[in-house]
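**Q** Below are the sequence and a predicted model for it; my questions follow.
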2 protein chains.
Amino acid sequence: MSSRSQAIADILTRAIIDHRLVPGCKLGERELAEIFGVSRIVVRQAVIRLADDGLAQIERNRGAFVAKPSMQEAMEIYDALTLVEQGVAAQLSERLGPGGWAELRQHVERQRQAVAAGNNALADVLGQEFHSVFVRLSRNKVMQEIHAQLVRRTTLLRSLITADFDYCNLLDDHARVIDFLEKGRLKKAMELIDTHHRSVVRGYIMDRAVFPELSPREALAPYLGGEGNNAAASSDIKAGAERDGAQIYAIPPVNLRRKQAGDP
Amino acid sequence: MSSRSQAIADILTRAIIDHRLVPGCKLGERELAEIFGVSRIVVRQAVIRLADDGLAQIERNRGAFVAKPSMQEAMEIYDALTLVEQGVAAQLSERLGPGGWAELRQHVERQRQAVAAGNNALADVLGQEFHSVFVRLSRNKVMQEIHAQLVRRTTLLRSLITADFDYCNLLDDHARVIDFLEKGRLKKAMELIDTHHRSVVRGYIMDRAVFPELSPREALAPYLGGEGNNAAASSDIKAGAERDGAQIYAIPPVNLRRKQAGDP
DNA sequence: GATATGAAATTGGATAGCAATTCCCGTTTT
DNA sequence: AAAACGGGAATTGCTATCCAATTTCATATC
């Protein structure tokens, strides 16, 4: 099925979006090869995949590092995500059948229950999944893959900021988008998608990095042994015992929106 | 700047979108390694890149082949392309300044001259380039990269079909899109983008291959300038007449996903 | 203290080789 | 004779080791 380098690329991707490997973290070939018990070449192939996905960056003769996106790039990613989801919304508003709307509502309901149960980690995962389900209903695999990549990159961005999400509010957005779309109020839905993402980015501006830096060996340990896929179960990471020396990657509080530099 | 495998991936990409390597063509590791004078490992890394781009497919223990997209996938690619360009159109209709509109019109004018001169090859290249310029004006690098990949895949599709394009007609579409957008008639413009792409797909009849099948050695010969690994030398194989621009190629000859370090 | 220098570490790549899988073709069986 | 079978031949996935180029860091020198 999947080659070994693909498997390793998947694990690294998982570790990155789980915030176990934080931006800037060195991905040394020799070290990773030892951790995974493979040769360096396999690791290199995996890292190339990550770089093509925008999750790592390779500097010649220096090695690979978990990508550290700039604020500019962060906004571009969210703009692209908005563009894609607005487009999908336009398609769904014309094409989606009752079953599709039901699936979306069911997903929102599951997230609502998670919030009610106080399971914020699960709610967070479901909140992200909603967008993927949304795009999946377009039945366009190419679009799905593009969207999935963008989502991975937004997840990476969360390592750089403290997100203080208001789950209820975002959840409400999801439900309202469904309502608007099913009633054919496409324009309203698209506006809401835009403001939804903007509100997420606004949460990003807040302040400082909170995820502790782990060594790759520590970070990857959970993915190696019994293959226990407890991503959703793993509760929040302790923010307090953070290494002081870690360079804080503060995102300057810039105005978010579309006013670009060369805007006439 | 770029590693060896990246350079080879670029050449292979170029050869594929130039229709010198046709879908289904075997990309044997040993053969390519011999052609490029590198080891198999470098070739494999390059081929993995192509596969991630959707330009090749790798079958375990069988090897890599130039991708042979299905009709379903072809439609999905064009749907995705339509979605992206409609979204960009919506952004540009609000944001783009006079300089941007002028650049677009200038591009159309150049293509018109090419058509008038009977240089169909150049007109074809310029026609594709228009879409890239269009997206570039959104000033969103992430979006540009997504779009560029989609364009590469549509170019691949042309190896599979008998296309007899009406350049004048498509050219006219470009001009009309600009007109609509500049006048704020966004909806009209978006409809036109849709029908524009649909008219291209309609020309696609995936019955027979129209491009002759070359052996990889023959196909790649033109890109191997004098033993040096100068990938840039391969830029003007087909659009040889067009050297003035030098700023952007019809299809980005490199995979732009890797971020360059000196990004201001 | 600032700079030049050299050793250590790391990456990019080459080569040889091995196990596994698939392909091909001749042989055997029905 | 046609189908089933089986054993190389070829190819891929991967390992191990080695080498060159580059970066980095520590030391020596001015």
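**A** The structure has been received and is ready for your questions.

**Q** quick one: is stretch A:96-116 near chain B?
**A** No. Shown here: stretch A:96-116 not in contact with chain B (Cβ under 8 Å from any Cβ of the partner chain), separated by at least 14.8 Å. The way it works is simple: take the backbone N, C-alpha and C, and place the C-beta from them, glycine included.

**Q** Can you show me the helices along the stretch 1-150 of chain A?
**A** Using DSSP state H, counting those that start in this stretch, the helices of the stretch 1-150 of chain A run over A:4-17, A:29-36, A:40-52, A:71-95, A:98-116, A:120-136, A:141-157.

**Q** Check the gap between residue A:103 and chain B for me.
**A** Relative to chain B, residue A:103 is positioned 20 Å away (Cβ to the nearest Cβ, to the nearest Å).

**Q** measure that residue to DNA strand D for me?
**A** Distance, residue A:103 to DNA strand D, by Cβ to the nearest atom of the strand, to the nearest Å: 36 Å.

**Q** wait, what's in contact with that residue?
**A** A:133, A:137 (Cβ atoms under 8 Å, 6 or more residues apart in numbering or on different chains).

**Q** Quick check: residue A:5 touching residue A:42?
**A** Yes. With contact defined as Cβ atoms under 8 Å, residue A:5 counts as touching residue A:42 (4.8 Å).

**Q** picking up where we left off before, with distance to residue B:126 added, can I get the helices of the stretch 1-150 of chain A in a markdown table?
**A** A markdown table is the format used below for these (distance: least, Cβ to Cβ, whole Å):
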| stretch | distance to residue B:126 |
| --- | --- |
| helix A:4-17 | 38 |
| helix A:29-36 | 43 |
| helix A:40-52 | 28 |
| helix A:71-95 | 25 |
| helix A:98-116 | 40 |
| helix A:120-136 | 33 |
| helix A:141-157 | 25 |
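
**Q** Which of those helices sits closest to residue A:58?
**A** helix A:40-52 (5.0 Å; Cβ to Cβ).

**Q** Leaving out sequence neighbours, find the closest residue to the residue nearest in space to the middle of chain A.
**A** Taking Cα atoms, centre = their mean, the centroid of chain A lies closest to residue A:155, which sits 2.2 Å from it. Distances taken as Cβ to Cβ, 6 or more residues apart in numbering or on different chains place residue A:17 nearest to residue A:155, at 4.1 Å, with adjacent residues excluded.

**Q** What number of residues are in the vicinity of residue A:144?
**A** 18 (other Cβ atoms under 10 Å in any protein chain shown).

**Q** phi, psi of residue A:184?
**A** phi 80, psi 10 (degrees, to the nearest 10).

**Q** Leaving out sequence neighbours, find the closest residue to it.
**A** residue A:93 (6.3 Å).

**Q** wait, doesn't the one you found sit right on residue A:186?
**A** Yes. Between residue A:93 and residue A:186 there is a contact under Cβ under 8 Å: 4.8 Å.

**Q** hang on, the earlier thing: what separation is there between the residue nearest to residue A:184 and DNA strand C?
**A** Residue A:93 is 44 Å from DNA strand C, by Cβ to the nearest atom of the strand.

**Q** residues near that residue, how many?
**A** Counted with other Cβ under 10 Å, residue A:93 comes out at 18.

**Q** Model confidence at it, what's the number?
**A** Residue A:93 is assigned 92 on the pLDDT scale.

**Q** wait, what's in contact with it?
**A** A:181, A:184, A:186, A:189.

**Q** Surely the third one is in contact with residue A:91?
**A** No. With contact defined as Cβ under 8 Å, residue A:186 does not count as touching residue A:91 (10.1 Å).

**Q** returning to what we had before: out of the contacts of residue A:93, what pair is the most spread apart?
**A** Longest span within the contacts of residue A:93, Cβ to Cβ: A:184 and A:189, 9.3 Å.

**Q** Looking at these two, which is more packed in?
**A** residue A:189 (24 against 11).

**Q** where does the stretch 1-150 of chain A come near DNA strand D, residue by residue?
**A** The stretch 1-150 of chain A comes close to DNA strand D at residues A:3-5, A:37-42, A:45, A:60-62, as judged by Cβ under 7 Å from any atom of the strand.

**Q** Are any of those residues buried, and if so which?
**A** A:3, A:5, A:38, A:42, A:45 (16 or more other Cβ atoms under 10 Å in any protein chain shown).

**Q** Can you check the pLDDT for the last one?
**A** What that stands for is residue A:45. Confidence score, pLDDT, at residue A:45: 91.

**Q** got a list of what the closest residue to it other than its chain neighbours touches?
**A** Among residues not flanking residue A:45 along the chain, residue A:5 sits closest, at 3.8 Å (Cβ to Cβ, 6+ apart). Residue A:5 makes contacts with A:42, A:43, A:45, A:46, A:49, B:48, as judged by Cβ under 8 Å, 6+ apart.

**Q** hmm, which two among these are most spread apart?
**A** A:43 and B:48 (13.0 Å).

**Q** What's the local residue count around the residue nearest to residue A:155?
**A** 20.

**Q** Run a quick check on it versus residue A:157, I expect a contact.
**A** No. Counting by Cβ under 8 Å, residue A:157 is not a contact partner of residue A:17; they are 10.2 Å apart.

**Q** Residue A:70: how many residues sit nearby?
**A** Residue A:70 - counted by other Cβ under 10 Å - has 12 other residues nearby.

**Q** backbone phi and psi for it, please?
**A** Torsion angles, degrees, to the nearest 10, at residue A:70: phi -80, psi 170.

**Q** quick one on the thing from earlier: as CSV, the buried ones among the residues of the stretch 1-150 of chain A next to DNA strand D with distance to residue A:196 would be great.
**A** Formatted as CSV, those follow (distance: Cβ to Cβ, whole Å):
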residue, distance to residue A:196
A:3, 38
A:5, 36
A:38, 41
A:42, 40
A:45, 37
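
**Q** Give the full set of residues in contact with the nearest residue to residue A:27 once chain neighbours are set aside.
**A** The shortest distance from residue A:27 to any non-neighbouring residue, by Cβ to Cβ, 6+ apart, is to residue A:64 (4.2 Å). Each residue near residue A:64 by Cβ under 8 Å, 6+ apart is listed here: A:26, A:27, A:29, A:47, A:50, A:51, A:56, A:57, A:58.

**Q** go on, residue A:47?
**A** So residue A:47 contacts A:9, A:12, A:27, A:29, A:32, A:56, A:58, A:64 (Cβ under 8 Å, 6+ apart).

**Q** Now for the fifth one, how many residues are close by?
**A** This points to residue A:32. Counted with other Cβ under 10 Å, residue A:32 comes out at 24.
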